Each structure stands twice: as C-alpha cells, then as structure tokens.
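Q: here is a sequence together with a model predicted from it:
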Amino acid sequence: MERESLISRIVFFCNKVLALLTFLAYILPFLAPKLFPFLSVLTLLLPLFLLLNAAFFIVWALQLKRKMLLSGIVLLLGITFISKLYRFNETTLELEPDDFIVMSYNVRLFNKYEWLPNKKVPSDISDVIQDYNPDILCLQEYTPDEDVRLRNYPYKNVQLEGNKNKYGQAIFSKFEIINTGKITFPNSSNNIIFADILKKNDTIRVYSMHLQSIKISTDIHEKLNESKSKFIFKRISEAFKQQQQQSELIKTHYDSCSYAKIICGDMNNSAFSYVYRNIKGEMKDAFQEAGSGFGKSYNFKYYPARIDYVFVEKSFLVKEFITDNQVKLSDHFPVITRLKMIDKTQK
C-alpha cells in the first residue's frame, strides 16, 4: 500500500511539473522571443503537453481522485489552444460561382538535390496542382524546372535569388496581377513576396511567406547527445528571434495596405507561438475555420507539426480547407482552401 502511495506521489509530482510547463507555454505567445529565446522553444512542445495533461486527467478520473482537477483546469484554461491543435468537424460549404481556391505549398526545390528517391517529383507535383486546380498558387522554396507544368496561370510574381542555382518564391494567378513586390529580411535568404490580384471589381493582396527555418531533421531517430541537443535548442532560439523581427516587418507592411488580404505560406513555427499571434492578428486561420484533425503540414514523424498556414481577413468566408498529407513529394504537405469574398452589404 505504501508503495502505491509513493508511486502515486511521484506521478502527481510529474503532473504538477507538466502543469507548470503548460501554463508557461500558454504565456509565451504573448512575450517576444528575444526576451526569452530559450523558453520560447516550449511552444513547440505545447501539443505534447496538452496530450499528456489529457492522459493525466483520464488516469486520475478513472481512479475517482481529486488530483484530476489539476489537469482539468489546465485543459479548461487552454481551450483556445486546443482548438488550434485539433479540429473535430470539417466544414465544407456549398460550391458557388464566385468561390476561388488558394493553394500554398513548400515544394522543397522540386527535389532538386534528390532528397527523395523519386526522379518524377516535379512532374508529380504538377499533377497535384492540376488536380486541385487552384486559382491562386503560392510556392515556397521554388526553383525553375522544365518538368513543372503551370500553363494555366497567365499571371505570376516570381522572385529568385542565387546565380547558378536559383531559388525563391512564386505566386501564380488565373486572375490579373496589377502589382507585385517583395519584403526582404535582414541577414536571411528567406523573404515574403506579394501580389495585388484583381478579381472582378475587388483587389486582393496575397502574401506568400517563408520565415526563418529552424532546420530540425524530419528523422527523430537521429541519435542526440547532450552537446548536440544544446546546439539544436540554441539554433531554434536564434531562429525564433529572427522570426520575431520578420513577423514585425510583415505586420507593418500589411497594416499599411487597404486591400482585402490573404497571407499564406511556411511560417516555420507553431500555432502556439508569438510569431503566429503577431502575423495572424485579427485575421482568420483557415484551418480553424474549416479544417479537420491536426492539420499536420510538415512531415515530422509521430508529431503533428502544423507550420504552413492560410490567414484571411474577415472580408472572406472560408468554405473549405484541406491539408493533403497523402502528397509526400516534399517535407511539407500542400494546404488548400476555398474562399468567397463576402458582400460588403452582408457584413
């Protein structure tokens, strides 16, 4: 009996430590990463914290112990975070003539350096794009490739860097593009590009973002020793500080734009981060509006990493959202959303 009591005390101690870390992770999205760069890494672990709290709650509840209240309160206070982690009901609204589709996809240079043992990746990605047939297509880690077929897009904004090997971002559109631009990040090869797109009588500003990468291997079986773990945490911390600056640059830029805005792309950070909160602002997260499941957009084994987003202003109705995790042609999965401009008289 004493042994069980000791085990129970040890387990509850772990529960209390987890609760403390979870509360801390709840606070961090409201604090700039440059203030606590090392602690900001906890936001990446928040999905795991929430799942473990749910497990503790169930264990204590099955034993009819009041200890369940600790994790219960933690989960209750984090209800808004849970909605960012998992969505139970997918929304698909009726198709209407004015609907249009936006697709965002980090294509990883179309497998230029053969990370995948598939020499048809450029052609296969072209087939995926043709199947979804988006009206507006945003590609991160884009590079010109003769096997990529994008003939249905008469308008584009392609911004490339490099001499021999060119890479960058691209926005393709079936609608007329009347203006284009780029936001350059200090001390980084990442950036944001944008296009002002004319759809009937409306002008839409579309941003494609690719924020600083934290460069974590998708293979979690890689052996980590103490020094390597410290190096990874330091690298993540530095990347988060850069992302903070980058998020502030895009926020300043889009605040000065009066057009209806869509921001999509690879943010390289979770929905529980300061960077997410800063960029999203009052906009709607298309996944939260109409997606389902975890919305996992990065192919990280055994962990639901959602780092690719589509944010839209309230002038858009999100009618459908898909993360196609069956398309394994990059280290990211494509995200697709169907939108409709809301009649100003109906707001």
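A: Yep, it's here. Residues are numbered from 1 along each chain as shown.
Q: residues touching residue 34, list them.
A: 241, 244 (C-beta atoms under 8 Å, 6 or more residues apart in numbering). Using the backbone N, CA and C atoms, a C-beta is placed for each residue, glycine as well.
Q: does it count as helix, strand or coil?
A: Recorded secondary structure, residue 34: coil (DSSP: H, G, I helix; E, B strand; the rest coil).
Q: same check on the one 3 residues further on?
A: Look at residue 37: counting by three-state DSSP, its state is coil.
Q: how about the strands of the stretch 151-300 of the chain, start to end?
A: 155-161, 167-173, 176-184, 191-199, 202-210, 260-266, 284-285 (DSSP state E, counting those that start in this stretch).
Q: you'd agree residue 148 is in a strand?
A: No - Residue 148 is assigned coil when assessed by three-state DSSP, not a strand.
Q: pretty sure it sits against residue 125.
A: Yes - between residue 148 and residue 125 there is a contact under C-beta atoms under 8 Å: 6.8 Å.
Q: so what sits against both of the two?
A: residue 110.
Q: which of those two has more neighbours?
A: residue 125 (25 against 17; other C-beta atoms under 10 Å).
Q: for residue 57, which of the strands of the stretch 151-300 of the chain is the nearest?
A: strand 284-285 (26.2 Å; C-beta to C-beta).
Q: sheet partners, orientation included, of that closest one?
A: Using DSSP bridges, strand 284-285 pairs in its sheet with strand 308-312 (antiparallel).
Q: helix or strand right after the strand it pairs with?
A: Sequence-wise, the next helix or strand downstream of strand 308-312 (DSSP states H and E) is strand 316-323.
Q: beyond that next one, next helix or strand please.
A: Following strand 316-323 in sequence, per DSSP H and E, is strand 335-341.
Q: check which strands are paired with that following strand and give the direction for each one.
A: With DSSP bridges as the test, strand 335-341 pairs up with strand 100-106 (antiparallel), strand 316-323 (antiparallel).
Q: now those strands as JSON lines including mean pLDDT and mean neighbour count?
A: Putting these into JSON lines (pLDDT from 0 to 100; neighbours: other C-beta atoms under 10 Å) gives the following:
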{"stretch": "strand 100-106", "mean pLDDT": "98", "mean neighbour count": "24"}
{"stretch": "strand 316-323", "mean pLDDT": "98", "mean neighbour count": "22"}
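Q: how about the strands of the stretch 151-300 of the chain in JSON lines, adding distance to residue 101?
A: What follows is these, written out as JSON lines (distance: least, C-beta to C-beta, whole Å):
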{"stretch": "strand 155-161", "distance to residue 101": "15"}
{"stretch": "strand 167-173", "distance to residue 101": "11"}
{"stretch": "strand 176-184", "distance to residue 101": "17"}
{"stretch": "strand 191-199", "distance to residue 101": "12"}
{"stretch": "strand 202-210", "distance to residue 101": "13"}
{"stretch": "strand 260-266", "distance to residue 101": "12"}
{"stretch": "strand 284-285", "distance to residue 101": "16"}
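Q: so which of the ones you listed gets nearest residue 10?
A: That would be, of those and by C-beta to C-beta, strand 284-285, which comes in at 39.0 Å.
Q: contacting residues around the closest one?
A: So strand 284-285 is contacted by 84, 271, 309-314, 316, 318 (C-beta under 8 Å, 6+ apart).
Q: just stretch 55-67 next, same as before
A: 11-12, 15, 18, 68, 70-72, 75.
Q: my guess is residue 247 contacts residue 281, does it?
A: No - applying C-beta under 8 Å, one finds residue 247 not in contact with residue 281, separated by 10.1 Å.
Q: between these two, who's got more neighbours?
A: residue 247 (24 against 12).
Q: what's the neighbour count on residue 95?
A: Using other C-beta under 10 Å, residue 95 is surrounded by 10 other residues.
Q: state the distance from it to residue 317.
A: Residue 95 sits 13 Å away from residue 317, going by C-beta to C-beta, to the nearest Å.
Q: same question for residue 15.
A: 42 Å.
Q: which strands or helices does the lowest-mean-pLDDT helix or strand in the chain pack on?
A: Counting by mean pLDDT, DSSP states H and E, the chain has its least confident helix or strand at helix 226-255, which shows a mean of 85. Using 3 or more C-beta pairs under 8 Å, 6 or more residues apart in numbering; DSSP states H and E as the contact test, the elements touching helix 226-255 are strand 176-184, strand 191-199, strand 202-210, strand 260-266, helix 274-280.
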